[in-house]
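pasting the sequence and the predicted coordinates here, then a few questions.
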Amino acid sequence: MNRRIVPFEYTPHDHRRMPHRVWAYLILLIGCAVGALAQKASEPTNVTAPFSASATHLLGFKGAANNAGGTLSIQGAALQFQKSGKPAVEVSIASVQDVFLGEQSKQVGGTPMTLGKAATPFGGGRVVSLFAHKKYDTLALEYVDANGGVHGAIFQLNKGQGEILRSELVAKGARVSQSEDAATKQSTAEVPSENK
Amino acid sequence: MKTSKRVSWILLAMAIVTITIAPRLSAQTATAKSSSGKGASGAVQWSVQVDKVNPGDVDIEPAFRIAIYENLLDELGKTKRFQQVFRDSDRTASAAPNLLILKTTVQKYAAGSETQRAVTTVSGATKLTVSSQLCTRGGQVVLERTVDGNVRFLGSNLRATHNLARNVAKTIKQSALPEPSLSVPAQGAQ
């Protein structure tokens, strides 16, 4: 009885045939890949979600207090600023005549920090000041009211948020003057010399 | 005894009523005076329209221009010198009878640094100099002044615009403007 023991699935003429288990793995892998791709493809819908970021209203937005912290967001066709616990104020994006992006470096900590630095002996406060500053984006808007009167508003946002908001505003119909790009570049170029 | 007590009660009640009502009445009179477009002296008041800030030849950041404009509107409103303060391009300004137009041109601008100010105290000041002109509708210059606004120690760079607007408003408040009904003489630059 000189017989070879062969597996159940073995066929002598098809050596390269893959077992069922491998096929199952491949199908599973492809399924996962398709799922991942579908998820990636659906991500842009999340990106197009309305802009919303914490911001400080420096001045000019009608109905909002100066130097007030709150949330700046795009709600439909309006730019909205809401201080927590206060009613939201908004302007139509179509009424925005110009959007300017800038950058500024500010000392952090406010009045308590300033007093603390002043009280620090041997000029220690100055050393603290050297490191206690942060760069922000500033977004300046020019918009018109119902009577055609020109308003200006300035918001301070975290770095990087200004550019996103500006793009969103432009995409939603806000006008931007042609010289704005040059002004932005110039403003950004000034910052390093300021922070010497 | 009873009669004297009654009289004293009546007098006390009258005094309370007088003290309570008199200030309100005087406040109402003042409001009526200001709303009728006349100043404390009874003279007819000007209204003012603030034009957008002209950067001139100076490379000033747009945020500063906007901040100067908005602060000027605020500060001019506080002076009570003008019957109404209008924004640039406001259509309702055309109906105002005695209108002056405030034109602001930037002459000098030095961008400072808040950090530099905090560290060195003596350097990093933000300095602004503007030329302010009050003109009539016909273009006749009523007042022309050069005004500064700086921030040297505490505060952000944009605080310079607030100081500048306050100085412009103070200058206008202290200057003698011609009567709206009279012919307007032109004044030279200071």
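Yes, it's here. Numbers count the residues shown, from 1 in each chain, chains lettered A, B, ... in the order given.

burial count for A:Asp98?
By other CB atoms under 10 Å in any protein chain shown, 18 other residues sit near A:Asp98. C-betas here are computed from N, CA, C, even on glycine.

element containing it?
Mapping A:Asp98 onto the secondary structure by DSSP states H and E places it in strand A:96-107.

send the alpha carbons of stretch B:150-161 over as PDB?
The C-alpha atoms that make up stretch B:150-161 are tabulated as PDB, following Å, rounded to 0.1, in the frame of the first residue of the first chain:
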ATOM      1  CA  ASN B 150       0.200 106.900  21.500                       C
ATOM      2  CA  VAL B 151       0.400 103.900  23.800                       C
ATOM      3  CA  ARG B 152       3.700 103.900  25.700                       C
ATOM      4  CA  PHE B 153       3.400 101.700  28.700                       C
ATOM      5  CA  LEU B 154       0.300  99.600  29.400                       C
ATOM      6  CA  GLY B 155      -2.200  98.300  27.000                       C
ATOM      7  CA  SER B 156      -2.400  96.700  23.600                       C
ATOM      8  CA  ASN B 157      -1.400  98.400  20.300                       C
ATOM      9  CA  LEU B 158      -5.000  99.100  19.400                       C
ATOM     10  CA  ARG B 159      -5.300 101.300  22.500                       C
ATOM     11  CA  ALA B 160      -3.400 103.900  20.500                       C
ATOM     12  CA  THR B 161      -6.500 104.300  18.300                       C
END
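
ok so A:Leu165 is a helix residue?
Yes - A:Leu165 sits within a helix when classified using DSSP: H, G, I helix; E, B strand; the rest coil.

am I right that it is in contact with A:Gln80?
No - A:Leu165 lies out of contact with A:Gln80 (CB atoms under 8 Å); the separation is 11.9 Å.

list residues touching both of these two?
With contacts taken as CB atoms under 8 Å, 6 or more residues apart in numbering or on different chains, the residues that reach both A:Leu165 and A:Gln80 are A:72, A:74.

please say which of these two ends up with more neighbours.
Higher neighbour count among A:Leu165 and A:Gln80: A:Leu165, with 25 against 18, using other CB under 10 Å.

tell me how far that one lies from A:Val144.
19 Å (CB to CB, to the nearest Å).

same check, this time on B:Asp148
For B:Asp148, the distance to A:Val144 - CB to CB - is 31 Å.

these two - which one has more neighbours?
For the pair B:Asp148 and A:Val144, the greater number of neighbours falls to A:Val144 (19 against 15), based on other CB under 10 Å.

how about the more buried one, what does it touch?
With contact set as CB under 8 Å, 6+ apart, A:Val144 has these partners: A:95, A:97, A:150-151, B:89.

most surrounded residue in those residues?
In terms of neighbour count, A:His151 stands highest of those at 22 neighbours, by other CB under 10 Å.

could you check the pLDDT of that residue?
Here the pLDDT value assigned to A:His151 is 95.

who does it bridge with?
A:Tyr143 (DSSP bridges).

test my guess that it contacts B:Ser89.
No - with the criterion set as CB under 8 Å, A:His151 and B:Ser89 do not qualify as a contacting pair; they are 10.3 Å apart.

wait, what's in contact with A:Glu90?
Under the criterion of CB under 8 Å, 6+ apart, the contact partners of A:Glu90 comprise A:75, A:78-81.

secondary structure element for it?
A:Glu90 belongs to strand A:89-92 when assigned by DSSP H and E.

can I get that strand in PDB, CA atoms only?
Once side chains and other backbone atoms are set aside, the C-alpha atoms of strand A:89-92 remain, and they are given as PDB (Å, rounded to 0.1, in the frame of the first residue of the first chain):
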ATOM      1  CA  VAL A  89     -25.800  89.400  17.800                       C
ATOM      2  CA  GLU A  90     -25.400  88.900  14.100                       C
ATOM      3  CA  VAL A  91     -24.800  90.600  10.700                       C
ATOM      4  CA  SER A  92     -25.700  89.300   7.300                       C
END
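
how about the residues of chain B near chain A?
Where proximity means CB under 8 Å from any CB of the partner chain, the interface of chain B facing chain A comprises B:52, B:59, B:61-63, B:65-67, B:69-71, B:86-92, B:111-116, B:118-120, B:154, B:156-158.
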